[in-house]
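>>> sequence unknown, structure follows:
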């Protein structure tokens, strides 16, 4: 449980740095809002594809790894 909350905090911190002016402190450009939309779309597509392929694998092999 604790490692999960640390991971979430790291993701949140990374996104906040990238989408705010804090990124300029690290010589990085501020990400445009449309990048966030693309990021969400890509993550949803990845999760859906992973679930579909998992189902196909289970159907073929009759068991999960």
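Noted; the coordinates are in hand. This one's a predicted model, so the numbers in the text were calculated from it and none came from an experiment.
>>> what sits against residue 18?
28, 30-31 (Cβ atoms under 8 Å, 6 or more residues apart in numbering). Where you see a C-beta, it was placed from the backbone N, CA and C, and this is true even at glycine.
>>> Among those residues, which one sits closest to residue 19?
residue 31 (5.3 Å; Cβ to Cβ).
>>> For burial, what's the neighbour tally of that closest one?
Using other Cβ atoms under 10 Å, residue 31 has 15 neighbouring residues.
>>> quick one on the thing from earlier: save the contacts of residue 18 as TSV, and put in pLDDT too.
Conversion of the contacts of residue 18 to TSV gives the following (pLDDT from 0 to 100):
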residue	pLDDT
28	91
30	93
31	92
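>>> separation between residue 39 and residue 4?
20 Å (Cβ to Cβ, to the nearest Å).
>>> So which of those two has more stuff around it?
residue 39 (13 against 8).
>>> any idea how far the more buried one lies from residue 21?
On the measure of Cβ to Cβ, residue 39 and residue 21 end up 19 Å apart.
>>> I am finished for the moment; much appreciated.
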